[in-house]
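1. Structure for the following, please:
(chains A and B)
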Amino acid sequence: MRNVFGRGFDSRRLHQSMMFSVRYRASGAAALLLVAVCLAAALPAAASDQRTIVIDPGHGGLDPGAKGKFGSVEKDIDLAISRKLKALIEQSQSYRVVLTRDKDVDVSLENRAAIANNNDALVFLSIHVNGSFRKKAQGSETFFMSLNATDEESRRLAYQENREQALDKTIAGADKDDIKMILWDMAQSAYIKQSGQLAELIQAQLNALLGTENRGIKQADFVVLRGVACPAVLVEAAFISNPEEEQKLVDEAFQDNVAQAVYTGLMRFLAAYGKN
Amino acid sequence: MKKPRPILFVLLLAVLAALVFWFVRGFAPERIAGPGEAPSSAASPETPVPKVTMKATLFFLRDDDGMFIAETRDVPSTGSLGADAEAVLAELIKGSTGGLVSALPSETKLRQVFLTKDGTAYADFTKDLTAAHPSGSDAETATVYAIVDTLAFNFKAIKKVFILVDGEERETLNGHITLGRAFFPDFTLIAKS
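-> A predicted model of the protein is given here:
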């Protein structure tokens, strides 16, 4: 019997060569495994160097959002625009993009903010279309958070600001949670300024690219913007409750323009104000 | 010893009884009607209760630009702040008589308004307020401030308004604006006429 190499069959040599090849394979496999483990360890580190942008398509699932006269539903348009925006940002390959939902499902407002925080988001962008009691209402606007504190809250904040220096030394353990909340509120104030800058840049692009009425940037106490630990805005692209604008909103080209406008505004913000 | 005369004894008793009677009747306050009862005609002469009204200012949306426009209406007033606030909101819910757009769904029903000493009015609506709401940042903001501005404008004692639905605090009106706190009025939303 001849083996593959044309040599005579020698069972001992065959056994030896098999053992050799087994050992060879084993060490080869070990080497590969080592490389794989190193890669796996290295990859998350590489990913975390890439900063994350979180996009939040409004509403979803049992919550349709606003509805149009011609039957269109806000949640679908929010998702469509968000997906386009994600694609645009990913083209640059500088940022990782996470959607708070990538299909037609309910997501609580709390969870949307949590996704941003858990991903250490650079920026949070909530994408909506507007609804009004007035058929004539039209145009685009961008919202950011307002700290419209009630009397008690502003008094407490002011008091704590004055005592800031002594905080660490004098506050007992039981009060630390209160203090954390107050410090959280103060951090939110810092983000609000940046959110305003982001809103301005995005609104300028919406005005330039969409041809819609400029409703400007506004502050509002929107729950979805509250819990987010980074600059955050809510974009209202146009009014689905206005039949004319509804037609635009379902048009692919218009949706592309909305995504482009938000993308350009976002990039200008990141270029100007850097990474946090 | 003289034998006591029975007639004197009876007279004494009668005098005592009379004294007791006058004492009890004379110093006791006149019986005032209890809760729910009409005052007895014996206590006071029958007078008709005058119908009191107050002039209420209600805010509706101008279709062109979304500014609040004031409409004034006479609303029954009992003098009790809570009841009057309820009457004013009931009128707001009825809608505009001047062709303006209402910032509340027509299905809206008010359950109650109650007030706390710090000037917060709690306006409690049925679930129709949110279930029938068109949704949208613009629509939600309009609803909140139509309610808050109307109450704060009409009643000096009302400094801020907390909106409740079915007696409970809600996270948002319809996904955007928080309902987890009281709102101060924003009179800049009212058109200058």
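
2. For stretch B:127-137, which residues meet the burial criterion?
-> Neighbour-count burial for stretch B:127-137, counted by 16 or more other CB atoms under 10 Å in any protein chain shown, picks out B:128-130, B:133-137. In short, each C-beta sits where N, CA and C put it, glycine included.

3. among those residues, which are within reach of chain A?
-> By CB under 8 Å from any CB of the partner chain, the members of the buried residues of stretch B:127-137 lying near chain A are B:134-137.

4. Can you flag which of those residues belong to strands?
-> Assigned to strands by DSSP state E, none of these qualify.

5. if I look at the closest residue to residue A:110 other than its chain neighbours, how far off is chain B?
-> With CB to CB, 6 or more residues apart in numbering or on different chains as the criterion, residue A:110 has its nearest non-adjacent residue at 6.6 Å, and that residue is residue A:227. Distance, residue A:227 to chain B, using CB to the nearest CB, to the nearest Å: 11 Å.

6. Now do residue A:227: how many residues are near it, please.
-> Close neighbours of residue A:227, defined as other CB atoms under 10 Å in any protein chain shown, add up to 18.

7. Please apply the same query to the one 10 residues further on.
-> As a burial measure, the neighbour count of residue A:237 was computed by other CB under 10 Å and equals 30.

8. what's the pLDDT at it?
-> Looking at residue A:237, its pLDDT is 98.

9. That one contacts residue A:80, correct?
-> No. In this structure residue A:237 lies outside contact range of residue A:80 using CB atoms under 8 Å: 10.6 Å.

10. And the ones next to chain A among the buried residues of stretch B:127-137, which is closest to chain A?
-> Distance to chain A across those (CB to the nearest CB) is lowest for residue B:136, with 2.3 Å.

11. Leaving out sequence neighbours, find the closest residue to the closest one.
-> Residue B:136 sits nearest to residue A:131 (CB to CB, 6+ apart), 2.3 Å away.

12. quick one, what contacts the one you found?
-> When contacts are counted by CB atoms under 8 Å, 6 or more residues apart in numbering or on different chains, residue A:131 touches A:65-67, A:74, A:239-241, B:134-139.

13. Inside helices: which ones of the residues you listed?
-> Counting by DSSP state H, those place A:74, B:137-139 in helices.

14. buried stuff in stretch A:195-209?
-> Residues of stretch A:195-209 classed as buried by neighbour count (16+ other CB under 10 Å): A:195-207, A:209.

15. Just the residues contacting it, thanks.
-> Contacts for stretch A:195-209 (CB under 8 Å, 6+ apart): A:123, A:140-145, A:212, A:214, A:216-217, A:219, A:225, A:231-233, A:235, A:237, A:257-258, A:260-262, A:264-266, A:268-269, A:272-273.

16. Send over it as CSV, restricted to the C-alpha atoms.
-> Extracted in CSV, the C-alpha atoms of stretch A:195-209 (Å, rounded to 0.1, in the frame of the first residue of the first chain):
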residue,chain,number,x,y,z
SER,A,195,-27.7,71.7,24.0
GLY,A,196,-28.7,75.2,23.0
GLN,A,197,-25.6,75.5,20.8
LEU,A,198,-26.4,72.2,19.2
ALA,A,199,-30.0,73.2,18.7
GLU,A,200,-29.0,76.4,17.0
LEU,A,201,-26.7,74.7,14.5
ILE,A,202,-29.3,72.0,13.6
GLN,A,203,-32.1,74.6,13.2
ALA,A,204,-29.9,76.6,10.9
GLN,A,205,-29.5,73.6,8.6
LEU,A,206,-33.2,72.8,8.8
ASN,A,207,-33.9,76.3,7.7
ALA,A,208,-31.4,76.1,4.8
LEU,A,209,-32.3,72.7,3.5
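
17. quick one, strands of chain B?
-> Assigned by DSSP E, the strands in chain B fall at B:53-61, B:68-76, B:110-115, B:120-125, B:160-165.

18. Could you dump these into TSV and include distance to residue B:11?
-> Shown next, in TSV, are those (distance: least, CB to CB, whole Å):
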stretch	distance to residue B:11
strand B:53-61	63
strand B:68-76	61
strand B:110-115	63
strand B:120-125	68
strand B:160-165	72
